[in-house]
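Student: just a sequence and a predicted model for now, questions to come.
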Amino acid sequence: MKELKKLNILFAKYKWELIGGIIVTIISRILSLVLPKYVGKIINLLNEYSSANELEKEAIGDDLTLYIIYILGSTLLAAVLTFIMRQLIIVVSRHLEYDLKNIVYQQYQRLSLGFYKQNRTGDLMNRISEDVSKVRMYMGPAIMYSINILTLFAVVIPAMVNTAPSLAVYTIIPLPILSIAVYVISREINKRSTLVQEYLSNLNTISQESFSGISVIKAYNLAPLMTEQFTKVANDSKDKNIDLARIQALFFPLMVLLIGLSNIMVIYIGGKQVIDGIIEVGTIPEFLIYVNMLTWPVAIVGWVTNMIQQAEASQKRINEFLDIDPVIKNLNEVETPIQGSIAFENVNFTYDDTNIHALKDVSFEIQAGKTLAILGKTGSGKSTILELIGRLYDIGNGSLKVGGKEINTLNLNNLRSSIGYVPQDAFLFSDTIGNNIAFGKKDAGQEEIIAAAKNAAVHKNIADFTKGYETVLGERGITLSGGQKQRVSIARAIIKEPQILLFDDCLSAVDTGTEEKILNNLKKITHNTTTIIVSHRVSSAKNADHIIVLDDGRIMERGNHDSLINKNGYYADLYANQMLEEENLED
C-alpha cells in the first residue's frame, strides 16, 4: 500500500472526525455482543422453565422481560451509533475525494504545455474521475468496514473463547484458510485492476476525440472506421473487466463455504458437548449468532481487499502525474509589476518532444506601447516567439527580457495576467458568447463585453443570433464560423486591457475588409499596449512600428513596411503577390 501513503496528509486534515468514527464503531460493536449473550441466557431459561415451580417460573418471566429490554436497548443504541459512524467516516471520505480532485486538477494546471503534448485528454480525465472515485472507496467504505471487521474480531472471538474455549477453536479454524486465500487472490486483483483502468483510459480518449472531431469524421465518412476502432477497444476493455470479475467471483463462494463449515462445526461439536454436559444448550444459538456476526465481516474481507487493491492501482496512476515536477516554475513569489517592453537577445529554442530547432540566435527589441509584426513561412518559428513571451516554454539559451527584467525572474502569475493572447486555433468554451468574452475579465459588465465585441468587429454577428450574447456555444465553439471564433477570441483578449497583446495569425479566417476594421480599432484602443501580430498577410503587418521576417528560425529581414518594400526581398515579394491576388479577386 505504499502508493496510498500519499493520502496520509489528507487524513491528517480530518483526523478528529476519523478518530470519532473509530471510537463510535468500537462502542457499537461492543454493544452488539449483548444480543448473542442474552439470547443464550434466554434459551437456557426456557430450557429450565418446564421443570420449574410456580415461583421459579415467575422469576424466569421477570428475567426474560429484563433480557429482552437489554437486547432491544442495546440494539437500538448500536443502530444509532452505526448511523453516527457512517456520517463521520463516509462524509469525511467525500471531503477527501473533493480535496484529492482539487489536488489533481491544480497539478494539471501547474504542468507545462509540453506535458499535454505527450498525454491524451481522455486519460487525464479518467484519472481525475474514475481513479479518484476508486481511491475514495478506500478512504471511506474500506476504512469503515476494516474498523468494523477488526473490532468485531477483537470482541467476538474473546467472547467465544470465554464462553466455550474448545468450541471456539473449532469454529474459527476456517478463518486462517480464508486469510491465505484473500492474500493470494487480492494480488491478482491488483494486477487486473491496473489493466482495467488503463483500458478505460483508452476508451475515454477515443470517445473524447470522436466527439471533438465529429465534423471531420462525418466529412471524411470515417464513422464506420471509428466505430470499428471503438468496438475493438471496447471489446478489449470488456475482456479485461471479465478477467477481473472472474477472479473477484472466487471470493463470495469461498466465504460462504467457510462460514457454512463453521456453522456445521458449531452444531455438530456443540451438540456433542451439550450431550456430554460440557456446555449448556443456550451456548449453541449463542455461537450461531457469533458466527453469523462474523459472516458479514468475513464476507466483506474480500470486498474490502478488492477496494484497497483497486485504490492502490488507481492512486499509483494518480501519483504518476502528481510526482511530475513542472518544467515551468514560478521562481519569484513576490509581486512584480509588468512593463510592456520586450527584448530577445540571441535566443535559441528547441522543442524537446520533436527536437525541432525552432529559433536560432533571434534578437529584436520592441518598446512598450509599440507594435511588432512577425511574418514568415509555416514552421519558421513565429508562434514559438509568442509561446516564449507567455513563458509556456523556457528559452534554451540567450536572453529574453520583459520590462527590462529576465523573464524567469518575473512572477509567473503577474506575467501571464498582463498578457492578452489570441491563439492560432481559437478555443471557445461550451458557454454563452458573453461569458466567453468575459473570460478575459471576470468582473466585466455587459457594456464592456459589447464594446470589446464591437472592437473585434463581431458585435453585429452576435446581435443577429436569436439569444444574442446569451447564445450557448457547442464544444470548442462549433456553433460559430472560423472567422467568428477568431473575432470572439480577439474580444476576449482585449477586454482585459492587458499590457501585452499577442495575436497568433488570428485574422486568417476573416476577409481583408473586416481585418482592416479590426486593426484600425486595435490601433485606437491599444496605444499604450505592446502588441505583437503574427501573420501570413502583409495587410496585417504593414502598419506595425516594426516588422521582422523569419525563415527557418532566423530573422532574415527587419524594418518597417516602407523600408522592407525598398529592400525587394521576401517581404516585398509577399506584398506584391498578395496585392495581385486581391486585384484578381476584385476582377
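Tutor: Ah, there it is.
Student: for the stretch 251-400 of the chain, give me the ranges with low pLDDT.
Tutor: 251-252, 295-296, 298-299, 302 (pLDDT under 70).
Student: for it, which segments count as strands?
Tutor: 342-350, 357-366, 371-376, 397-402 (DSSP state E, counting those that start in this stretch).
Student: dump the ones you listed to CSV, plus mean neighbour count.
Tutor: Where C-beta positions appear, they are placed from N, C-alpha and C, glycine not excepted. Shown next, in CSV, are the strands of the stretch 251-400 of the chain (neighbours: other CB atoms under 10 Å):
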stretch, mean neighbour count
strand 342-350, 19
strand 357-366, 18
strand 371-376, 25
strand 397-402, 17
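Student: tabulate the ones you listed (TSV), appending distance to residue 93.
Tutor: Formatted as TSV, the strands of the stretch 251-400 of the chain follow (distance: least, CB to CB, whole Å):
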stretch	distance to residue 93
strand 342-350	46
strand 357-366	47
strand 371-376	53
strand 397-402	46
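Student: geometric centre of this structure: which residue is closest?
Tutor: residue 128 (2.2 Å; CA atoms, centre = their mean).
Student: I figured it hits residue 105, correct?
Tutor: Yes: Residue 128 lies in contact with residue 105 (CB atoms under 8 Å); the separation is 6.3 Å.
Student: surely residue 542 meets residue 562?
Tutor: No: using CB under 8 Å as the test, residue 542 is too far from residue 562 to be in contact (9.2 Å).
Student: what about residue 417, neighbour count?
Tutor: Number of residues near residue 417 (other CB atoms under 10 Å) recorded here: 13.
Student: now it, what are its backbone angles?
Tutor: Main-chain dihedrals, residue 417, degrees, to the nearest 10: phi -70, psi -20.
Student: contact partners for it?
Tutor: Contacts here follow CB atoms under 8 Å, 6 or more residues apart in numbering; on that basis residue 417 touches 338, 498.
Student: check residue 344 too.
Tutor: Counting by CB under 8 Å, 6+ apart, residue 344 has contacts 362-365, 385, 398-400.
Student: from residue 145, how far off is the residue nearest to the centre of the chain?
Tutor: Per CB to CB, to the nearest Å, residue 128 is found 26 Å from residue 145.
Student: closest one to residue 18 among the strands of the stretch 251-400 of the chain?
Tutor: Nearest to residue 18 among those is strand 397-402 (48.1 Å), distances taken as CB to CB.
Student: need the next SSE after the closest one, C-terminal direction.
Tutor: Scanning forward in sequence from strand 397-402 by DSSP states H and E, the next helix or strand is strand 405-406.
Student: elements contacting the longest helix along the chain?
Tutor: When the chain is parsed with DSSP state H, its longest helix is helix 54-110. Applying 3 or more CB pairs under 8 Å, 6 or more residues apart in numbering; DSSP states H and E, one finds that helix 54-110 makes contact with helix 8-13, helix 15-31, helix 34-49, helix 132-137, helix 143-163, helix 283-322.
Student: do that again at 6 Å, thanks
Tutor: Packing partners of helix 54-110 (3 or more CB pairs under 6 Å, 6 or more residues apart in numbering; DSSP states H and E): helix 15-31, helix 34-49, helix 132-137.
Student: and the average pLDDT for it is what?
Tutor: In this model, helix 54-110 has a mean pLDDT of 86.
Student: run the angle between that helix and helix 283-322 for me.
Tutor: 10 degrees (axes from the mean of the first three to the mean of the last three CA atoms, to 10 degrees).
Student: which residues are in contact with the following helix or strand past helix 54-110?
Tutor: Sequence-wise, the next helix or strand downstream of helix 54-110 (DSSP H and E) is helix 113-118. Here helix 113-118 makes contact (CB atoms under 6 Å, 6 or more residues apart in numbering) with 353, 392.
Student: helix or strand right after helix 113-118?
Tutor: helix 121-126.
Student: if we can go back for a sec, how far away is the closest residue to the residue nearest to the centre of the chain other than its chain neighbours from residue 383?
Tutor: Excluding its sequence neighbours, the residue lying closest to residue 128 (CB to CB, 6 or more residues apart in numbering) is residue 104, at 4.8 Å. Distance, residue 104 to residue 383, using CB to CB: 29 Å.
Student: domain-wise, how is this protein divided?
Tutor: Using automatic domain parsing, the domain ranges for the chain come out as 93-322, 338-418+498-587, 425-497.
Student: looking at those, which is closest to residue 9?
Tutor: Closest to residue 9 of these, according to CB to CB: domain 93-322, at 9.5 Å.
Student: need the distance between the two termini of that closest one.
Tutor: The first residue of domain 93-322 is 20 Å away from its last residue (CA to CA, to the nearest Å).
Student: would you point out the most distant pair within the contacts of residue 344?
Tutor: Farthest apart among those by CB to CB are 385 and 399. That separation is 14.0 Å.
Student: so residue 25 sits against residue 85, correct?
Tutor: Yes: contact status for residue 25 versus residue 85: in contact at 5.0 Å, counting by CB atoms under 6 Å.
Student: count of neighbours near residue 484?
Tutor: Residue 484 is flanked by 21 other residues according to other CB under 10 Å.
Student: now it: closest residue in space, sequence neighbours ignored.
Tutor: Residue 484 sits nearest to residue 461 (CB to CB, 6+ apart), 5.5 Å away.
Student: what does the one you found show for phi and psi?
Tutor: Dihedral angles for residue 461 - degrees, to the nearest 10 - are phi -60, psi -40.
Student: any idea how many residues pack against it?
Tutor: Close neighbours of residue 461, defined as other CB under 10 Å, add up to 16.
Student: quick check: it vs residue 208, distance?
Tutor: With distances taken as CB to CB, residue 461 is found 29 Å from residue 208.
Student: same question, residue 557
Tutor: Applying CB to CB, the value for residue 557 to residue 208 is 43 Å.
Student: equivalent analysis for residue 480, please.
Tutor: The spacing between residue 480 and residue 208, counted by CB to CB, is 21 Å.
Student: same drill for the two, tell me which one is more crowded.
Tutor: Comparing residue 480 with residue 208 by other CB under 10 Å, the one with more neighbours is residue 480, at 23 against 18.
Student: quick check: end-to-end length of stretch 444-461?
Tutor: Span of stretch 444-461 from end to end, CA to CA: 20 Å.
Student: can you check stretch 505-512 too?
Tutor: End-to-end distance of stretch 505-512: 13 Å, with CA to CA as the criterion.
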